[in-house]
Structure formats: structure tokens, C-alpha cells
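S.K.: Quick one, what's the 3D model for this:
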Amino acid sequence: MPKVSRATASSHQVLPGYVDAYEHEVAGWTVSMENNFIDMDQALFFKGAPNDQCQAHHVGYVLKGRFGVRLADGSEEIFEAGDAFVIEPGHTPLSFAGSEYLAFTPTEEAKRQTELMMPNIMKFAQEQGLQLPVQ
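M.R.: This next block holds a predicted model:
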């Protein structure tokens, strides 16, 4: 059976002072393990997507702190440590300082999401004067 941990993840993404994330594809799913260091509405990373929102499905579990999403109607869904979640397309993530969560996304959806997000993340990093680690 395939498995993944932070030590074996194929991708380690760091936005210094904001997020530390590990990802790995397992059996058609992208497994994400993420630690967040600040409160942040991540809507700016989805500019250019339909309705400027994430169009992926996610299933996950909050290990520590809180994690949430803002839906198309403006309502927010907040998940706390110990909560499992299922998120449908049409949302933007809300991260909270000190949070840690695990999420599973169908890999094809995760790839499309990453392609859309990366230019927005790079622009944000440049605007904030962040030096991104070389992967």
C-alpha cells in the first residue's frame, strides 16, 4: 500500500512566514500536509479561476488549530482540530495562524489548481519581498 510522510513527500513548498506545505501523489490523489503561520484569506491566489475561486474537491482533517473556506455566497465554513471536512469546488481557503491540516485532492484537479495559483503566489511573494527557497 502506498503511503507518504513529510520525510517522503515529493514536494516541499515554503512561503516563509506564511506556510510550510508538503505534497505527494498517491494512487490518483494529491496528499497535502500544511502548517500555516498567519491568518490569511487566500482568495488572491485564485485570481483568474472561474469566479476567482478554487475549483477542486478536497477531503481532509484538521490536526491543530482552525482551517476554513469562504463560499460563493460569502458564507464561511470553519473547521477546527479534530474535524474532518469535505469541500466542493467554488471556495477560497482561509488559513489561521498555528493551524495544521491534511487534505486529499484528486490529482488532476490539484494540478490545474497549482498551475493557476503559482503565478499569483509568485506575484504575492515578490510584492511582499519574500525570498522563496529554491526547490
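
S.K.: residue ranges for the helices of the chain, please.
M.R.: Counting by DSSP state H, the chain has helices at residues 107-128.

S.K.: Could you list the low-pLDDT ranges of it?
M.R.: Within the chain, the ranges that satisfy pLDDT under 70 run 133-135.

S.K.: Spit out the contact partners of F104.
M.R.: By Cβ atoms under 8 Å, 6 or more residues apart in numbering, F104 lies in contact with 29-32, 58-60. Bear in mind the C-beta positions are built from the backbone N, C-alpha and C, glycine included.

S.K.: Which one of those is nearest to T114?
M.R.: Distance to T114 across those (Cβ to Cβ) is lowest for T30, with 8.6 Å.

S.K.: how deep is the closest one tucked in, by neighbour count?
M.R.: 24 (other Cβ atoms under 10 Å).

S.K.: Skipping its backbone neighbours, what lies nearest it in space?
M.R.: Using Cβ to Cβ, 6 or more residues apart in numbering and skipping the chain neighbours, the partner closest in space to T30 is A110 (3.7 Å).

S.K.: and G82, what does it touch?
M.R.: Here G82 is in contact with V62 (Cβ under 8 Å, 6+ apart).

S.K.: Could you report the distance from it to A103?
M.R.: Going from G82 to A103 by Cβ to Cβ, to the nearest Å gives 15 Å.

S.K.: now swap in P93 and tell me
M.R.: From P93 over to A103 the distance is 10 Å, taken as Cβ to Cβ.

S.K.: For A56, give me its contacts.
M.R.: Per Cβ under 8 Å, 6+ apart, neighbours of A56: 89, 105-106, 109-110, 112-113.

S.K.: and those residues, which are buried?
M.R.: Buried positions within the contacts of A56, assessed by neighbour count (16 or more other Cβ atoms under 10 Å), are 89, 105, 109-110, 113.

S.K.: Would you check which pair of these lies furthest apart?
M.R.: Maximum pairwise distance in the buried ones among the contacts of A56, criterion Cβ to Cβ, is 12.3 Å, between P89 and A110.

S.K.: Alright, that wraps it up for me.
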